[in-house]
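S.K.: Below is the structure, and that's it, no one-letter string:
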């Protein structure tokens, strides 16, 4: 039986996107995302927890993320989990890390409803904004003008 490795997150960008380029010329963006969860504890008191995630975006989608995503913006990410490890230079200990490799990214809005200049975001009347990136190979090759719904 074949397994499934799928992650769906709806959260807010916690800092500006980091963009780099591989030796082969491919763009790679790192997006730090926070997701909130609220539940009631045994006493009935509402408790909110926050989880932090590192999302990696490749190709033209990485360029778009660096150009359009801003701190505090709401974003929906579909992707898969990827695990890696390395030896810490300072301590010599093995460090394990978990990343989400983005296969689909939907930009839902920005803090305060303000428009980012030259961003391509347009309001739909209720303050929500949307810009999606996805291609057939799952690594996001950008979106043509014909695919943008505004």
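M.R.: Happy to help now that I have it. Keep in mind that this is a model prediction, so the values were computed, not measured.
S.K.: Going by neighbour count, list what's buried in stretch 22-35.
M.R.: 27, 28, 29, 30, 31, 32, 33 (16 or more other CB atoms under 10 Å). C-betas here are computed from N, CA, C, even on glycine.
S.K.: Beta-bridge partners for the fifth one, please?
M.R.: Yep, that's residue 31 we're talking about. Bridge pairing for residue 31 (DSSP bridges) gives the partners residue 55.
S.K.: how far away is the residue sitting furthest away from the middle of the chain from residue 66?
M.R.: If you look at how far each residue of the chain sits from its centre, by CA atoms, centre = their mean, the farthest one is residue 43, at 34.8 Å. For residue 43, the distance to residue 66 equals 44 Å [CB to CB, to the nearest Å].
S.K.: distance between the helix or strand harbouring residue 28 and the chain's centre?
M.R.: Assigned by DSSP states H and E, residue 28 belongs to strand 27-40. Centroid displacement of strand 27-40 relative to its chain, using CA atoms, centre = their mean, to the nearest Å, is 7 Å.
S.K.: What lies in contact with that strand?
M.R.: Here strand 27-40 makes contact (CB atoms under 8 Å, 6 or more residues apart in numbering) with 9-15, 17-22, 46-63, 65-66, 69, 75, 77, 102.
S.K.: Filter these down to the buried ones.
M.R.: Neighbour counting by 16+ other CB under 10 Å classes 9, 11-13, 17, 19, 53, 55-63, 65-66, 69, 75, 77, 102 among these as buried.
S.K.: Take the residues you listed and keep only those in helices.
M.R.: 60, 61, 62, 63, 65, 66 (DSSP state H).
S.K.: and the angle for the lengthiest strand in the chain with helix 60-68?
M.R.: Looking across the chain with DSSP state E, the single longest strand is strand 94-109. Per axes from the mean of the first three to the mean of the last three CA atoms, to 10 degrees, the angle that strand 94-109 makes with helix 60-68 is 70 degrees.
S.K.: If you count neighbours, what's buried in strand 94-109?
M.R.: Neighbour-count burial for strand 94-109 flags 99, 100, 101, 102, 103, 104, 105, 107, 109 (criterion: 16+ other CB under 10 Å).
S.K.: so what's residue 48 bridging to?
M.R.: Residue 48 has these beta-bridge partners by DSSP bridges: residue 38.
S.K.: Low-confidence stretches in this protein?
M.R.: Along the chain, segments meeting pLDDT under 70 span 110-150.
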